[in-house]
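Novice: compute the structure for the input listed below.
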Amino acid sequence: MSERRREARVIFGFHAVLARLRAEPRTVLEIYLDETRHDARAKDVAAAAERAGVRLLRVPTKRLDGFYGGGRHQGVVARIEAPDAAASLGELLDALREPPLLLVLDGVTDPHNLGACLRVANAAGAHGVIAPRDRAAGITPVVSKVASGAAEATPYVMVTNLARALDELKERNVWVVGTDAAARDDLFAADLPPAIAWVLGAEGEGMRRLTRERCDLLVRIPMHGAVDSLNVSVAAGVVLFESVRRRGLPKG
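Specialist: Sure, this is the predicted structure:
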C-alpha cells in the first residue's frame with residue numbers, strides 16, 4: 001500500500017510555531033521571521049529553530065503579509081508538513097485501547113470556534129473531533145493559531161454523512177449524547193457511560209434534526225446567571241471535562 005502524500009501548509013503566530021517546534025520539530029520545513037523583530041519572543045523562536053535544525057529566514061514584514069493578505073501573523077510564519085488526517089472514523093476507533101471520548105461538531109463553521117474546540121478537546125484528552133464535510137470549517141492557519149498546537153495533535157475527522165457516522169459509533173457501543181438547553185436531563189445528574197461522543201451544534205442553529213434523532217440522550221448544561229447559552233467551545237469544555245471527572249472517580 002502506498003503512503004499517503006503529505007502536503008505542506010502554513011501556521012502563524014509565536015504560540016503556534018513554538019508549540020510545533022517543541023512537539024514535532026521534524027515536521028517544520030522552514031520558518032520566516034520578521035527582520036525587524038529582535039525581542040524575547042523572536043529570540044525564543046530563533047533558538048528553538050536552531051536546536052531543531054530548522055532553517056530560519058529573516059524577511060521583510062510585507063513578505064509575511066503576503067501569506068495571508070495582511071493577516072495577523074505576529075511576525076512569524078512556518079511552513080510545515082500537513083499532518084495525515086485520520087483516514088476514517090473506523091481507523092480512529094480501531095486504534096484506541098480505552099473507551100472513546102469524542103467531540104462531534106454539527107455545523108461549526110467559524111474557524112475561531114473550531115480552533116478553540118480543538119484546543120479544549122486536546123486539553124481534555126479527547127481521542128478525536130468529528131465534523132461533516134459539508135457544514136464545517138477545515139483546518140486553516142487561523143484554526144491552527146487559535147488551537148495553539150492542538151490542531152496538529154488532535155485527530156480531526158471530516159465525514160461525508162454525519163448521521164451515518166453517529167450510527168457507526170452506536171454500533172461500536174459508543175453512546176451519542178447531545179447538548180440541548182431544553183433537555184430534561186441535567187448534565188451533572190445524568191447517567192453517562194465511559195464510551196461517549198458528545199454532540200454540539202452551532203450557536204443559534206443547534207443540531208440538525210437527523211443529528212438530534214441519532215442521540216441516545218440529550219442533556220442540558222444548567223445555567224445560573226443571566227445568560228442562557230454558552231459559546232460552543234466553552235460548552236465543549238464543560239461536557240468533556242465532566243466525562244474526564246467521572247472517569248477519575250473510584251468505582252463503587
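
Novice: the nearest residue to residue 246 once chain neighbours are set aside: which element?
Specialist: Leaving out its chain neighbours, the residue that sits closest to residue 246 by Cβ to Cβ, 6 or more residues apart in numbering is residue 192, at 6.3 Å. Placement of C-beta: from N, CA and C, glycine included. Secondary structure assigned from DSSP states H and E places residue 192 in neither a helix nor a strand.

Novice: need the contact list for residue 192.
Specialist: 175, 177, 217, 242-243, 246 (Cβ atoms under 8 Å, 6 or more residues apart in numbering).

Novice: phi, psi for it please.
Specialist: phi -120, psi 130 (degrees, to the nearest 10).

Novice: next one: it from residue 176, what distance?
Specialist: Using Cβ to Cβ, to the nearest Å, residue 192 is found at 12 Å from residue 176.

Novice: picking up where we left off before, same list (the contacts of residue 192) but as CSV, adding pLDDT and distance to residue 157.
Specialist: CSV is the format used below for the contacts of residue 192 (pLDDT from 0 to 100; distance: Cβ to Cβ, whole Å):
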residue, pLDDT, distance to residue 157
175, 97, 18
177, 98, 18
217, 97, 22
242, 97, 23
243, 96, 19
246, 92, 24
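
Novice: now, which of those lie within strands?
Specialist: 175, 177, 217 (DSSP state E).

Novice: how about the contacts made by the first one?
Specialist: This means residue 175. Contacts of residue 175 (Cβ under 8 Å, 6+ apart): 192-193, 195-197, 216-217.

Novice: ok, the residues you listed vs residue 161, which is closest?
Specialist: residue 197 (15.2 Å; Cβ to Cβ).

Novice: neighbours of the closest one, how many?
Specialist: 26 (other Cβ atoms under 10 Å).

Novice: what's the answer for residue 184, then?
Specialist: When neighbours are counted by other Cβ under 10 Å, residue 184 comes out with 10.

Novice: how about the CA coordinates for stretch 168-179, as CSV?
Specialist: C-alpha atoms of stretch 168-179 as CSV (Å, rounded to 0.1, in the frame of the first residue of the first chain):
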residue,chain,number,x,y,z
GLU,A,168,-21.3,3.7,13.3
LEU,A,169,-20.4,5.0,16.8
LYS,A,170,-23.6,3.5,18.2
GLU,A,171,-22.8,0.1,16.6
ARG,A,172,-19.5,0.2,18.4
ASN,A,173,-21.2,0.7,21.8
VAL,A,174,-20.3,4.4,22.0
TRP,A,175,-23.1,6.5,23.5
VAL,A,176,-24.1,9.5,21.4
VAL,A,177,-25.0,12.3,23.8
GLY,A,178,-26.2,15.7,22.6
THR,A,179,-26.5,19.0,24.4
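
Novice: low pLDDT regions in the stretch 151-252 of the chain?
Specialist: Counting by pLDDT under 70, the stretch 151-252 of the chain shows low-confidence ranges at 250-252.

Novice: show me where it has strands.
Specialist: 156-159, 175-179, 185-186, 196-201, 217-220 (DSSP state E, counting those that start in this stretch).
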